[in-house]
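Asker: below are the sequence and a predicted model; questions follow.
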Amino acid sequence: MESDRFLTVNHHCQLHYRIDKHATAQAAVVLLHGLSSNLTRWTEFLQHTVLTQDWTMLRLDLRGHGESRYRGKLSTGLWATDLQQVLAAENIQRVVIVGHSLGARVAAEYARQYPDKCLGIVLIDPVVPEALQGRGLRLYRRRFVLKALIYVVRLLNALGLHRRHIPLRDLFELDIKTRALLASQSHETIARQYMSPRIDLEFNPLANYLQDMLETLSAFPEILHSSVPGHILLSSGGSISSVDLLEHYFRQGRNLSVEHLEADHWPLTEKPTQTREAIEKAIRGIALNHRNA
């Protein structure tokens, strides 16, 4: 059964996570959410996955998201360090990390920092600057404006100018509503639900949201030459990135494989069964390779 837990980490942040410890498991599967998201991104996945039969399952609200309340500087490296502190507190020695979008970046950074602890990574729609297109490319070209805006907003926060209450967003419920809309409306509906700054900012501090964006647009952690195996799941829609350029980028990795999903940029919402099965297959492959190594 999943337990709700909090852990105080660096800079007086209380990280919120949920863990389902398997009595005989030697390792854990860690589930990381994306930009403007939280651990409820994985609720439906955990309701149906067979991974719970053999693995300890852990999902967390990254610092500054969900119930991991924090107003301060955020970075991919800090999120990876936070994760290691949670794993150490739970005495988890080896992990496979599954991350979506921003979470994929954190998974890659963890594998870079702690390769001996990471059995493998599964990255869902990672964002790399070399493959950006459309809105993503326009934001990348304005990233220096983002940096300046973050500085101003954080300064105002330090002076006490910020919202006192930010509601939690249940992405499980949102996914159900979005699928109902997709059944009767155009596919662009999902972009309006999941790429609207107006909606996102209702549930996220402005400074955190802007820092999420900046981190997403930064150089991707170096994993192309890593000894850690990885499986990359790429949505075919290409709302943010060129799928062809993403595939070219990750095909250069010596231990990386690439698979395509028929979705836009939110496969866990659009194609939950196919995405879950692809993740499970990838983790089975990682575990088998580790046993045979």
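Answerer: The structure has been received and is ready for your questions.
Asker: rest of the way, CA atoms for contacts and neighbours
Answerer: Noted.
Asker: which stretches of the stretch 151-293 of the chain form helices?
Answerer: In the stretch 151-293 of the chain, the segments counted as helices under DSSP state H, counting those that start in this stretch are 171-184, 188-194, 197-202, 206-217, 243-251, 267-270, 272-292.
Asker: so which of the ones you listed gets nearest Pro229?
Answerer: When the helices of the stretch 151-293 of the chain are compared for distance to Pro229 using C-alpha to C-alpha, the nearest one is helix 272-292, at 7.1 Å.
Asker: got a markdown table for the helices of the stretch 151-293 of the chain, with mean neighbour count and distance to Gly103 too?
Answerer: Formatted as a markdown table, these follow (neighbours: other C-alpha atoms under 10 Å; distance: least, C-alpha to C-alpha, whole Å):
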| stretch | mean neighbour count | distance to Gly103 |
| --- | --- | --- |
| helix 171-184 | 15 | 15 |
| helix 188-194 | 15 | 16 |
| helix 197-202 | 14 | 17 |
| helix 206-217 | 22 | 9 |
| helix 243-251 | 17 | 17 |
| helix 267-270 | 21 | 13 |
| helix 272-292 | 16 | 15 |
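Asker: compare those and say which comes out lowest on pLDDT.
Answerer: Ranked by mean pLDDT, the helices of the stretch 151-293 of the chain bottom out at helix 188-194, with a mean of 62.
Asker: if we can go back for a sec, out of the helices of the stretch 151-293 of the chain, nearest to Val153?
Answerer: helix 206-217 (5.9 Å).
Asker: the helices of the stretch 151-293 of the chain: which one's closest to Ala111?
Answerer: For those, proximity to Ala111 was assessed by C-alpha to C-alpha; helix 272-292 is nearest, at 13.7 Å.
Asker: contacting residues around the closest residue to Asp170 other than its chain neighbours?
Answerer: Spatial nearest neighbour of Asp170, excluding adjacent residues (C-alpha to C-alpha, 6 or more residues apart in numbering): Thr40 at 5.9 Å. Residues near Thr40 by C-alpha atoms under 8 Å, 6 or more residues apart in numbering: Asp170, Leu171, Phe172.
Asker: next: Asp4.
Answerer: Applying C-alpha under 8 Å, 6+ apart, the residues near Asp4 are His16, Tyr17, Arg18, Ile19.
Asker: let's see it at 6 Å
Answerer: Shown in contact with Asp4 (C-alpha atoms under 6 Å, 6 or more residues apart in numbering): Arg18.
Asker: hang on, the residue nearest to Asp170 in a strand?
Answerer: No: counting by DSSP: H, G, I helix; E, B strand; the rest coil, one finds Thr40 to be helix, located in no strand.
Asker: any idea how far it is from Glu222?
Answerer: In this view, Thr40 and Glu222 are 28 Å apart by C-alpha to C-alpha, to the nearest Å.
Asker: now swap in Arg154 and tell me
Answerer: Arg154 sits 29 Å away from Glu222, going by C-alpha to C-alpha.
Asker: ok, Pro272 next?
Answerer: From Pro272 across to Glu222, the span is 29 Å (C-alpha to C-alpha).
Asker: with Glu277 instead?
Answerer: The value you get for Glu277 to Glu222, if C-alpha to C-alpha is used, is 27 Å.
Asker: now for the chain, the helix or strand with the poorest mean pLDDT.
Answerer: Ranked by mean pLDDT, DSSP states H and E, the weakest helix or strand in the chain is helix 188-194, scoring a mean of 62.
Asker: can you show me the strands along the protein?
Answerer: Assigned by DSSP state E, the strands in the chain fall at 3-9, 13-20, 28-32, 56-60, 95-100, 118-124, 230-235, 256-261.
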